[in-house]
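1. what shape does this take:
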Amino acid sequence: MNIRMKRGVGSLIRTPIDRSWCHGLRCFNSASSSVLKGVTPSLLQPRVLLYDAVSHLCHRGVKWVIRADKDRKIKFCCVQSDAAEPYLKACGLEREDVLRRILFVEGLNVYSQGSTAALQVLSYLPLPYSALSSLWVIPTPLRDAVYDYVAKRRYDWFGKAKDYLVLQEKELLERFIDREEVMNRGQNL
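-> Next up, the predicted model:
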């Protein structure tokens, strides 16, 4: 049985849902998954976006989401940080997978990658931004092909930093679950 967390105050309540509409979301039940046995952390924050912290394109996207997310629903984590590891393990992914495609973890057992993750993040933003999530109507293979094309060339087109770009804008760090680790990294440079 697939599980999805409810949004809102009771976000720790898990309810079964029909996943036929899930548009590429990969979900699994931790009770039946051998990948998760023994590695699923008990406390993961919901609605965390893991991204490539040295990509200028990814950093611009994160800044845009922070400005648009007035209700502060989305949190962020640099995939290069140690704090990303529990999320990667819970999703059965490697760091390299997320360097190619962003990862949005909505809750335990519910996550998405690539274009689906981007649309899922948009759905949490207030209007008019959430209206962009209507791009679900575009078939996932087509969305992912465009996403992968841009992602593969992002360093050439937008540049790659030597260190976490968020260190240049420390006021953004309050939205990061790995802020202490990032701050310590900045002090050690």
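2. all helices of this protein, in order?
-> Ranges of helices within the chain are 56-68, 85-91, 95-100, 114-124, 140-158, 179-188, based on DSSP state H.
3. which strands or helices does the fifth one pack on?
-> Here helix 140-158 touches helix 56-68, helix 95-100, helix 114-124, going by 3 or more CB pairs under 8 Å, 6 or more residues apart in numbering; DSSP states H and E. All C-beta spots, glycine's among them, are computed from the backbone N, C-alpha and C.
4. and the fourth one, by the same measure?
-> For helix 114-124, the helices and strands in contact under the criterion 3+ CB pairs under 8 Å, 6+ apart are strand 103-107, helix 140-158.
5. which stretch in the ones you listed has the least confidence?
-> Of all the helices and strands packed on helix 114-124, mean pLDDT reaches its minimum on strand 103-107 (a mean of 88).
6. what does that strand contact?
-> Strand 103-107 is contacted by residues 4-5, 11, 14, 44, 46-51, 79, 87-88, 90-91, 93, 97, 111-113, 117-118, 120-121 when judged by CB atoms under 8 Å, 6 or more residues apart in numbering.
7. ok, residue 170 to residue 182 distance?
-> Residue 170 sits 9 Å away from residue 182, going by CB to CB, to the nearest Å.
8. the two: who's more crowded?
-> Taking other CB atoms under 10 Å, residue 170 and residue 182 do not tie; residue 182 has more neighbours (24 against 12).
9. how many residues are close by residue 129?
-> The number of residues packed near residue 129 is 18, by other CB under 10 Å.
10. leaving out chain neighbours, which residue sits closest to it?
-> Leaving aside its sequence neighbours, residue 129 sits nearest to residue 68 (CB to CB, 6 or more residues apart in numbering; 4.9 Å).
11. likewise for residue 83?
-> Nearest residue to residue 83 in three dimensions, chain neighbours excluded: residue 178, at 3.6 Å (CB to CB, 6+ apart).
12. so which of the helices and strands packed on helix 140-158 comes closest to residue 157?
-> Closest to residue 157 of those, according to CB to CB: helix 56-68, at 7.3 Å.
13. which elements pack onto that closest one?
-> Packing partners of helix 56-68 (3+ CB pairs under 8 Å, 6+ apart): strand 48-51, strand 75-78, helix 140-158.
14. buried sites along the last one?
-> In this case it means helix 140-158. 140, 143-144, 147, 151, 154 (16 or more other CB atoms under 10 Å).
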